[in-house]
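Student: coordinates only, sequence not included:
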């Protein structure tokens, strides 16, 4: 499940970078040098959240169970930042009167978010997950899309949409590294076929949902 989660997140991170690049090409002034801006924000986001994540994991000698919860929280935050950028895009489509496009985007994001929910839950497979805990993680990941939609509907900014997508991508890549380190403590990953099978399955599932939508 954790390897499957890595596959989902790797695809999602790449997808976020591509979305940001598309916005840069179509809507952003060349003066901002969009491609370099994306790279800068992704790297800064990765380094910042990596430091925070490592500090949380090492605090008070966390148990394996607690580490799983921290990783789930970091996944939820990364996906939430990504969903904020997607929400801005939906709001902009609504503001422009493109109802068909906005409906298409909402359905597509909903399908993607279903698989993203699996990524949040995977690190908790060894715990007795409480309903309140799962609802809280779901809100952290999903609620930003609602606020992004409101903001994008009233004042869409290609620059801020690009920045939030890039922040989300950096956060997601950071979580992938954290999951890898978490799994590395349990076994010799490079000789474990479950790792490669899980990552491949995650990539394929996300690719198929993107093709469908």
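Tutor: Done, it's in. Just so it is clear, the structure is predicted and the values come from calculations on it, not from any experiment.
Student: how about the helices in the protein?
Tutor: Along the chain, counting by DSSP state H, helices occupy 2-27, 34-58, 64-95, 99-121, 131-154, 158-184, 193-212.
Student: quick one, what contacts the residue lying closest to residue 44 once chain neighbours are set aside?
Tutor: Excluding the flanking residues, the one nearest residue 44 by Cβ to Cβ, 6 or more residues apart in numbering is residue 170, at 6.9 Å. In short, each C-beta sits where N, CA and C put it, glycine included. Residue 170 is in contact with 41, 42, 43, 44, 45, 46, 47, 48, 49, counting by Cβ atoms under 8 Å, 6 or more residues apart in numbering.
Student: quick one on the thing from earlier: and the helices of the chain, which one's lowest on average pLDDT?
Tutor: Ranked by mean pLDDT, the helices of the chain end with helix 99-121 at the bottom, a mean of 68.
Student: my read is that residue 92 contacts residue 156, right?
Tutor: Yes: with contact defined as Cβ atoms under 8 Å, residue 92 and residue 156 form a contacting pair (3.6 Å).
Student: among the contacts of residue 170, name the buried ones.
Tutor: 41, 42, 45, 46, 49 (16 or more other Cβ atoms under 10 Å).
Student: could you export those as CSV, including distance to residue 16?
Tutor: CSV is the format used below for these (distance: Cβ to Cβ, whole Å):
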residue, distance to residue 16
41, 11
42, 9
45, 11
46, 12
49, 14
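Student: just give me the closest of the residues you listed to residue 121.
Tutor: Residue 121 lies nearest to residue 49 out of the buried ones among the contacts of residue 170, by Cβ to Cβ, at 20.1 Å.
Student: nearest residue to the spatially most central residue of the chain other than its sequence neighbours?
Tutor: Nearest to the mean C-alpha position of the chain, counting by Cα atoms, centre = their mean, stands residue 79 at 3.0 Å. Spatial nearest neighbour of residue 79, chain neighbours left out: residue 141 (4.3 Å); criterion: Cβ to Cβ, 6+ apart.
Student: next, count neighbours for that neighbour.
Tutor: Using other Cβ atoms under 10 Å, the number of residues around residue 141 comes to 25.
Student: one more: residue 11?
Tutor: Quick note: residue 11 (other Cβ under 10 Å) scores 22 neighbours.
Student: check contacts around it.
Tutor: 202, 203, 206, 207, 210.
Student: distance of it from residue 202?
Tutor: 7 Å (Cβ to Cβ, to the nearest Å).
Student: got it, and residue 77?
Tutor: Residue 77 is 19 Å from residue 202, by Cβ to Cβ.
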